[in-house]
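Q: From the sequence below, what's the structure:
(one chain, ligands or ions: 3)
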Amino acid sequence: MPFSEPGKTKFQVDLRRHLREQQIGDNLVHLICEIAEASKYVINAVRTGDLGVAGTSNLYGEEQLALDVLSDRIMRKRLIHSGVVCNIASEEMDEIFQAQADAAGLYSVAYDPLDGSSLVDVNLAVGTIVSIYEGCNLLQKGRNQVAAMYILYGPRVSLVYSVGKGVHEFTMNHLMEYTLTRENITMNSEGNIYSPGGLRNKYNAGDEKFVRYLEDRGAKLRYSGGFVPDINQVLMKGKGIFMYPALNGSPNGKLRILFELNAMAYLVEHAGGAATNGRQPLLDIEPVSLDQRAPVYIGCKNDVKKAMEFLAEA
Ligand SMILES: O=P(O)(O)OC[C@H]1O[C@](O)(COP(=O)(O)O)[C@@H](O)[C@@H]1O
Ligand SMILES: [Mg+2]
Ligand SMILES: [Mg+2]
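A: Ligands and ions are numbered 1, 2, ... in the order given. Purely as a prediction, here's the structure:
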């Protein structure tokens with residue numbers, strides 16, 4: 001039942017109550033609520049934590065910031081203690097962590113604890129991205145996610161989730177509770193915002209033509225350099241496209257299927273948008289490794305289709 005019915009103001013609905021209305025298992029409700037709890041410690045770390053480097057590097061050889069390591073620890077600890085998780089994969093861990101052996105009713109979680117962490121020192125928005133699967137297999141199609149969510153740490157903290165029954169936004173209130181602010185978010189078929197990641201002088205001909213087409217159409221450039229706020233803008237306004245294409249020297253772009261792309265693709269598809277690697281829906285890719293990357297075109301259906309046409313012609 002929608003929460004916008006007369007007599008119930010949307011702002012009184014907390015996350016747990018909303019999840020219970022989705023007719024999903026208790027373990028999944030519990031897991032999503034635990035992740036929401038973890039995010040309160042992550043935002044505290046973002047607001048007050050050490051901005052320096054951790055002195056370590058992740059699976060991709062990227063220097064880890066102290067905040068990456070701390071956010072990862074916060075998330076992992078909470079997932080382990082939830083008691084409903086078997087396998088955990090994180091952008092900041094080299095391999096899969098087994099919290100407990102395979103058993104009925106357990107979930108596996110892939111996450112990026114603090115996407116865009118290098119933007120914290122200049123006070124731009126960052127976020128946590130989470131994909132949830134039933135059972136213990138993490139190397140499976142994104143379409144098999146049973147839930148996806150992100151938490152955006154901006155001027156306000158918001159949490160956007162879907163369990164395949166609409167996409168819903170919650171905002172943290174002064175008591176640090178998440179309360180419903182937008183229910184059943186839907187995207188238009190096209191829009192006038194574009195958010196192009198990566199160095200443009202490394203774009204291939206099709207991407208360059210597509211960006212020129214958007215500019216000629218009068219689309220507005222709206223790119224912050226943070227995947228979570230950039231996607232949030234497209235999703236909440238219901239218009240436009242985010243892309244991080246293949247680049248000269250990086251044929252798979254930058255963003256990772258497991259930790260970054262799958263959750264966003266699931267949310268955007270469930271809001272009526274589309275997400276592809278330029279050839280096929282991202283959610284249909286069967287990943288073979290944790291660190292697999294893909295080019296991404298994600299947002300309004302017609303805009304994504306147009307991008308694919310330009311790529312096919314080039
Ligand atoms: O500035 P770049 O290198 O083009 O990358 C921008 C992209 O990288 C990200 O910062 C992800 O990288 P991290 O997970 O390492 O922070 C995204 O948020 C953003 O879309
Ligand atoms: Mg990331
Ligand atoms: Mg990260």
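
Q: residues in the stretch 101-250 of the chain within reach of ligand 3, list them.
A: Applying Cβ under 5 Å from the ion, one finds that the stretch 101-250 of the chain approaches ligand 3 through 112, 115. In this view, the C-beta of every residue, glycine as well, is placed from N, C-alpha and C.

Q: pLDDT weak spots in the stretch 101-250 of the chain?
A: For the stretch 101-250 of the chain, no stretch has pLDDT under 70.

Q: Kindly state the beta-bridge partners for whichever residue of it sits closest to ligand 2.
A: Proximity of the stretch 101-250 of the chain to ligand 2 (Cβ to the ion) peaks at residue 115, 3.7 Å away. Beta-bridge partners for residue 115, by DSSP bridges, are residue 127.

Q: residues near it, how many?
A: Residues within reach of residue 115, counting by other Cβ atoms under 10 Å, total 26.

Q: That one contacts residue 130, doesn't it?
A: No: look at residue 115 against residue 130 with Cβ atoms under 8 Å: they stay out of range, at 10.6 Å.

Q: What residues does the residue of the stretch 101-250 of the chain closest to ligand 2 make contact with?
A: Shown in contact with residue 115 (Cβ atoms under 8 Å, 6 or more residues apart in numbering): 91, 126-129, 226-228, 260.

Q: ok, which pair from these is furthest apart?
A: The distance between the two most remote of the contacts of residue 115 (Cβ to Cβ) is 14.3 Å, for 91 and 226.

Q: These two: who's more crowded?
A: Regarding residue 91 and residue 226, a neighbour count based on other Cβ under 10 Å identifies residue 91 as having more, with 25 against 22.

Q: Can you name the residues that contact the more buried one?
A: For residue 91, the contacting residues are 58-59, 111-113, 115, 256, 259-260, by Cβ under 8 Å, 6+ apart.

Q: in stretch 208-225, what counts as buried?
A: Buried residues in stretch 208-225, defined by neighbour count with 16 or more other Cβ atoms under 10 Å: 209-211, 214, 219, 222, 224.

Q: and residue 67, backbone torsions?
A: Backbone dihedrals for residue 67, given as degrees, to the nearest 10, come out at phi -70, psi -30.

Q: again but with residue 59, I slipped
A: The phi/psi pair for residue 59 (degrees, to the nearest 10) reads phi -50, psi -30.

Q: which one is it nearest to, not counting chain neighbours?
A: Computed as Cβ to Cβ, 6 or more residues apart in numbering, the closest residue to residue 59 that is not its neighbour in sequence is residue 94, at 5.0 Å.

Q: Get me the contact residues on the stretch 1-150 of the chain for ligand 1.
A: Contacts of the stretch 1-150 of the chain with ligand 1, taken as Cβ under 6 Å from any ligand atom, map to 62, 91, 112, 115-118.

Q: Columns secondary structure and distance to residue 43 on top of those, output as TSV?
A: Converted to TSV, those look like this (DSSP: H, G, I helix; E, B strand; the rest coil; distance: Cβ to Cβ, whole Å):
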residue	secondary structure	distance to residue 43
62	coil	23
91	coil	18
112	strand	15
115	strand	14
116	coil	14
117	helix	13
118	helix	17
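
Q: Buried among these? Need that as a selection in ChimeraX.
A: The buried residues among these can be selected in ChimeraX (16+ other Cβ under 10 Å) with this line:
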select :91,112,115,116,117,118
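
Q: residue contacts, residue 144?
A: By Cβ under 8 Å, 6+ apart, residue 144 lies in contact with 133-134.

Q: Then residue 51?
A: Residue 51 neighbours (Cβ under 8 Å, 6+ apart): 65-67, 120-121.

Q: I'd like the distance between it and residue 92.
A: Distance, residue 51 to residue 92, by Cβ to Cβ, to the nearest Å: 17 Å.

Q: ok, how many other residues are close to the closest residue to ligand 1 within the chain?
A: Residue of the chain nearest ligand 1, by Cβ to the nearest ligand atom: residue 227 (3.4 Å). Neighbours of residue 227 under the rule other Cβ under 10 Å: 26.

Q: State the distance from the closest residue to it other than its chain neighbours to residue 201.
A: Closest residue to residue 227 apart from its sequence neighbours, by Cβ to Cβ, 6+ apart: residue 115 at 5.3 Å. According to Cβ to Cβ, residue 115 stands 25 Å off from residue 201.

Q: hmm, back to that, out of the buried residues of stretch 208-225, name the ones that lie in helices.
A: Assigned to helices by DSSP state H, the following of these qualify: 209-211, 214.

Q: from those, which single one is nearest ligand 3?
A: Taking Cβ to the ion as the measure, ligand 3 sits nearest to residue 211 out of these, at 25.9 Å.

Q: if you skip the residues just before and after it, what's nearest to the closest one?
A: residue 196 (5.8 Å).

Q: So in terms of bridging, what pairs with the one you found?
A: residue 243.

Q: which ones are touching it?
A: Counting by Cβ under 8 Å, 6+ apart, residue 196 touches 211, 221, 223, 243-244.

Q: No more questions from me, cheers.
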